[in-house]
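Colleague: Predicted model, plus sequence, below.
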Amino acid sequence: MLAAERFKKGKGTEMNRRLGLLSTILLALDAGVGGGVITSSLADEAGVETRIGELRGAVLSLLAPVGAVATETNPNYKGVAAPAAAASPSSAAADWPSYNKTLTSERFSNLNQINTKNVAKLKVLCTYDTWRLTSFETGPIMVEGALIGTTEFDIFSIDPSTCAENWRTHEEYPAYILPTNRGAAYLDGRLFRGTDDGRVLAYDFKTGKRLWETTIADVKKGEDVPAAPIAWEGLVFIGNAGGDFKGAKGHMYALDAKTGNIVWQFFLVPKTEGDTVRGPEGASPLDTSSWKNAPGVPISGGGTWTSTTLDPDSGLLYVPVGNPAPDYDNGVRQGDNLFTGSVVVLDAKTGAYRNHFQLVPRDWHDWDVSNPPALIKTRGGKRLMAVSPKDGHLYGFDLADNKLLYRTPVTRIENVEEPFAVDKDVHFCPGAGGGEEWNSPGYDPLTNLIFTGDVDWCTTVKLQTREEVAAAPLGQPWTGEKSLNPFNEFGKFTRADGVWAGWLHAVDADTGVWKWRLKSNYPILSGVTPTAGGLVFFGDVGGNFYALEAATGQKLWGQKIGGAIGGGVITYTVNGTQKVAVATGYVSPAFPTEIRRAKIAILGVEGDANR
């Protein structure tokens, strides 16, 4: 129903409806948080998913503004003036075979059929409707002539030109508090995905038949597996999330792609008595010395809830690690809390520790290292690790000596040094839902620019007492935030001026100086994809999809194409013709977005010929 039509309904009817919805969501939250038994079919039958979404988004979707962007250039930028010449597209460019296209996560495509001269003719060619209301964050892949996507309960294969369904496999298990899955991996005729009940599943690429399953997380502790795996040389790499729950811990795993057997396991926070060991452990220097927890406060956190990056040349795996818990009270965990807030580098074959980069020591803002780093070779010849977590900065590390080259702000940064307290509210930016979320930066070798898509949205927090923090039950959300409102478990998500926004920065990879930046009137959660056509594609949570000139940030095309865009943005060719696929319809209790079903939109240039 259109927002305007909802607005015309009688106030009494609307109030009664929303009171009913409130009862529904409280029951759903109680079941979901407590490990209840709401399955996907029951949720569909009762309309729980739809009603939860409506309650959170109905008011805030009313009269939602149209998408608007504004770009400014940096007068102090002194980088390379002209883009390099693009190489001819290779056969490998036809596919998008992994979450960030390459294992090294640059997200750049050297396809150029859709370019600055013809992108004004871009249009939606077809859509695939999942018929679900869900936190649609899937990063689609396109390989061997099929486009693969996921929801929390399904994996599907569709025709990458027509959106026709090849097959769809549905899984049935208890629903998780946040219905999320970020995508699948492909290797040697098999597909791999995680589940909200703590498993990794493998499927036949052609038929969708399930081949094996392996448990890697404990749902009783609040752990789940929403990340998109990556796969390489017979191994599948994936970790578990749940770092915001008391007693939950992050682990990284390598599984045998043929059998699902665990090849190695690595604890991302210290192992303590009673922890489950599911496979051979990778060698680690980690112990409890960096935590110094108060009595009755178990080491918790360190979930790896997004995908990973792998350097095939060195055989090193780069793992982004999330927050410590309780999220907002670091007074009960006095140390640096390793390896939370870090990129941990492991030997991909053995799981042995090699290095770590801690970006957010003793985090008390819920600033996860929230997406896979990009491993790039800059125009200046540096081997660079670029990573942009939720703290609102882009970090560049020189991999020759692992030293930090720059730390560039890429969204609003306010009041981040003030400690939280039990007797007052503390407002800070970026908030727990701010900065760069689960999608990685993109690197364009033609312009030497790194593109970061960020959320400009703040949070206000007041702490529980030390006794209240310690008394929280195991397996429950454990933030330390004092609020009776279940929506404010992670603080009150507000901005002083009552609005929110998004940023897209174009930053010189060698110097860390931004060349241009675009501000959107909606947060940017989507994948950001630069191409050899001189373009960078991205979407916002208003459902608006944009194509910019990569060198200047000038908007060349923009249109609302569906619900909020919080998933992948990929490009590929079918029968020699370039397409763009976008995951739309992101609905989540965490973000007050328009309520629309999850869909894959496939776009192309009018005429679909060599242009």
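Modeller: Alright, I've got the coordinates. Please read these numbers as outputs of a predicted model, since none were measured by experiment.

Colleague: Please enumerate the helices of the stretch 1-150 of the chain.
Modeller: Ranges of helices within the stretch 1-150 of the chain are 3-8, 11-33, 40-46, 48-61, based on DSSP state H, counting those that start in this stretch.

Colleague: in what helix or strand does the residue nearest the centre of the chain lie?
Modeller: Taking C-alpha atoms, centre = their mean, the centroid of the chain lies closest to Trp438, which sits 1.8 Å from it. Counting by DSSP states H and E, no helix or strand carries Trp438.

Colleague: which residues does it contact?
Modeller: Neighbouring residues of Trp438 by C-beta atoms under 8 Å, 6 or more residues apart in numbering: 137, 182, 305-306, 370-371, 525. For the C-beta atoms, the positions are set from N, CA and C on the backbone; glycine is no exception.

Colleague: where does Met1 land on pLDDT?
Modeller: Listed pLDDT for Met1 reads 33.

Colleague: Equivalent analysis for Val236, please.
Modeller: For Val236, the predicted pLDDT is 99.

Colleague: go on, Asn100?
Modeller: Turning to Asn100, the model gives it a pLDDT of 98.

Colleague: I'd say it and Pro140 touch.
Modeller: No. Applying C-beta atoms under 8 Å, one finds Asn100 not in contact with Pro140, separated by 11.9 Å.

Colleague: tell me which helix or strand of the protein sits lowest on mean pLDDT?
Modeller: Lowest on mean pLDDT, DSSP states H and E among the helices and strands of the chain sits helix 3-8, with a mean of 31.

Colleague: Tell me where the stretch 401-550 of the chain has helices.
Modeller: Under DSSP H, counting those that start in this stretch, the stretch 401-550 of the chain gives helices at 466-471.

Colleague: can you list the weak-confidence ranges in it?
Modeller: Applying pLDDT under 70 to the stretch 401-550 of the chain picks out residues 484-487, 495-498.

Colleague: now the residue nearest to the centre of the chain, nearest residue through space, not along the chain?
Modeller: Leaving out its chain neighbours, the residue that sits closest to Trp438 by C-beta to C-beta, 6 or more residues apart in numbering is Thr306, at 4.6 Å.

Colleague: Spit out the contact partners of the residue lying closest to Gly279 once chain neighbours are set aside.
Modeller: Using C-beta to C-beta, 6+ apart and skipping the chain neighbours, the partner closest in space to Gly279 is Ile262 (3.0 Å). Ile262 makes contact with 214, 216, 253-256, 278-280, according to C-beta under 8 Å, 6+ apart.

Colleague: residues near Thr460, how many?
Modeller: Residues lying near Thr460 (other C-beta atoms under 10 Å) number 18.

Colleague: Any idea what it is bridged to?
Modeller: Beta bridges link Thr460 to His427, Lys492, judged by DSSP bridges.

Colleague: Report the contact partners of it.
Modeller: Shown in contact with Thr460 (C-beta under 8 Å, 6+ apart): 425-428, 491-492, 494.

Colleague: Quick one: residues contacting the spatially closest residue to Ala590 that is not a sequence neighbour.
Modeller: Counting by C-beta to C-beta, 6+ apart, Ala590 lies nearest to Gly433, which is 5.8 Å off, once chain neighbours are set aside. Residues in contact with Gly433 (C-beta under 8 Å, 6+ apart) are 455, 457, 459, 490, 493, 590-591.

Colleague: will you turn those into JSON lines that also has neighbour count and distance to Asn115?
Modeller: JSON lines is the format used below for the contacts of Gly433 (neighbours: other C-beta atoms under 10 Å; distance: C-beta to C-beta, whole Å):
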{"residue": "Val455", "neighbour count": "27", "distance to Asn115": "29"}
{"residue": "Trp457", "neighbour count": "23", "distance to Asn115": "33"}
{"residue": "Thr459", "neighbour count": "24", "distance to Asn115": "40"}
{"residue": "Phe490", "neighbour count": "20", "distance to Asn115": "42"}
{"residue": "Phe493", "neighbour count": "19", "distance to Asn115": "39"}
{"residue": "Ala590", "neighbour count": "17", "distance to Asn115": "36"}
{"residue": "Phe591", "neighbour count": "23", "distance to Asn115": "33"}
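
Colleague: which of the contacts of Trp438 are buried?
Modeller: 137, 182, 305-306, 370-371, 525 (16 or more other C-beta atoms under 10 Å).

Colleague: tell me which of these is nearest to Phe538?
Modeller: Nearest to Phe538 out of those is Leu525 (C-beta to C-beta; 9.4 Å).

Colleague: pretty sure the closest one contacts Val455?
Modeller: Yes. Using C-beta under 8 Å, Leu525 makes contact with Val455 at a distance of 6.6 Å.

Colleague: Using PDB, write out the CA atom coordinates for stretch 558-574.
Modeller: C-alpha atoms of stretch 558-574 as PDB (Å, rounded to 0.1, in the frame of the first residue of the first chain):
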ATOM      1  CA  GLY A 558      19.200   7.700 -10.600                       C
ATOM      2  CA  GLN A 559      15.900   6.100 -10.000                       C
ATOM      3  CA  LYS A 560      13.800   4.400  -7.300                       C
ATOM      4  CA  ILE A 561      13.800   0.700  -8.200                       C
ATOM      5  CA  GLY A 562      12.100  -1.000  -5.200                       C
ATOM      6  CA  GLY A 563      12.500  -1.300  -1.500                       C
ATOM      7  CA  ALA A 564      15.600  -0.300   0.500                       C
ATOM      8  CA  ILE A 565      18.800  -1.500  -1.000                       C
ATOM      9  CA  GLY A 566      21.000  -3.100   1.600                       C
ATOM     10  CA  GLY A 567      22.500  -6.000  -0.300                       C
ATOM     11  CA  GLY A 568      24.800  -6.600  -3.200                       C
ATOM     12  CA  VAL A 569      25.200  -4.600  -6.400                       C
ATOM     13  CA  ILE A 570      27.000  -6.700  -9.100                       C
ATOM     14  CA  THR A 571      27.600  -6.500 -12.900                       C
ATOM     15  CA  TYR A 572      28.200  -9.300 -15.400                       C
ATOM     16  CA  THR A 573      27.600 -10.300 -19.000                       C
ATOM     17  CA  VAL A 574      25.000 -12.700 -20.400                       C
END
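
Colleague: Report the separation between Asn74 and His170.
Modeller: 49 Å (C-beta to C-beta, to the nearest Å).
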